[in-house]
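Asks: Pasting the sequence and the predicted coordinates here, then a few questions.
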Amino acid sequence: MTLHDLALRRESCRAYRKDAPVAHETLLDLLRTAILAPNASNRQSWRFYLCEGETAARVAECCMAVPGNNTWAPDCAAFIVISSTVRASRVKDGLPHDFPTADAGIAAAYLTLAAAEQGLGTCIVGSFDEEAVKQLLHVDAERRVHLIVAVGVPAQPPKMEKERLPFDELVTVCR
């Protein structure tokens, strides 16, 4: 399968088969791919928390902190929480740079593509109760939780047609 094929297959899955577990070793393989993602100055300031079982159920509750939001979360087999040190953000050339947030997004992209390759569904969750997640997982105070990636067996096959704006509206060629 090509990278383009994986990009077509990957979608924000919001319907999972609650009765279908994902093997622990498969989840570890996804993380092995995620840590290969490029990151600013190779600092690798990220930390990943693999949440399964009862911990996953509690993370699902944190994902539903906003009423009516992420109501599908309890059906996920696992969650991967991505955090980084706040001090990894820095000023370079007199300008502030939020490298950790970008690094977390890149790692999440690698992780979701690896999951798509395995036929798994994922959803990158940005709306959650960060303090509750930090307390649950004993995340150090100087760390920020950027994203949570839900992982599970999709209830339906992915749509291979992506709804996107026309290419020419999104891409400007500068010469």
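Replies: Done, it's in.
Asks: so how far is Leu165 from Leu3?
Replies: 21 Å (CB to CB, to the nearest Å). To be clear about C-beta, it is placed using only N, CA and C from the backbone, and glycine gets the same treatment.
Asks: Oh, that last question was meant for Asn70, not what I typed.
Replies: Taking CB to CB, one finds Asn70 at 26 Å from Leu165.
Asks: How far away from the center of its chain is stretch 129-141?
Replies: Relative to its parent chain, stretch 129-141 has a centroid offset of 17 Å by CA atoms, centre = their mean, to the nearest Å.
Asks: Sorry, wrong one. I was asking about stretch 38-52.
Replies: That offset, for stretch 38-52, works out to 11 Å (CA atoms, centre = their mean).
Asks: can you check stretch 93-109 too?
Replies: Here stretch 93-109 is found 14 Å from its chain centre; the criterion is CA atoms, centre = their mean.
Asks: Same check on stretch 151-161?
Replies: Using CA atoms, centre = their mean, the offset of stretch 151-161 from its chain centre is 16 Å.
Asks: Any buried residues in that stretch, and which?
Replies: Applying a neighbour-count criterion of 16 or more other CB atoms under 10 Å, one finds Val151, Gly152, Val153, Pro154, Pro158 buried in stretch 151-161.
Asks: Tell me which residues are up against it.
Replies: 8-11, 13, 15-17, 20, 22, 27, 30, 75-80, 115-116, 119-122 (CB atoms under 8 Å, 6 or more residues apart in numbering).
Asks: Selecting buried members of those in ChimeraX, what would you type?
Replies: A single ChimeraX command selects the buried members of these (16+ other CB under 10 Å):
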select :8,9,10,11,13,16,22,27,30,75,76,77,78,79,80,115,116,120,121,122
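Asks: can you tell me which of the contacts of stretch 151-161 are in strands?
Replies: When DSSP state E is applied, those are split such that Ala78, Phe79, Ile80, Gly121, Thr122 fall in strands.
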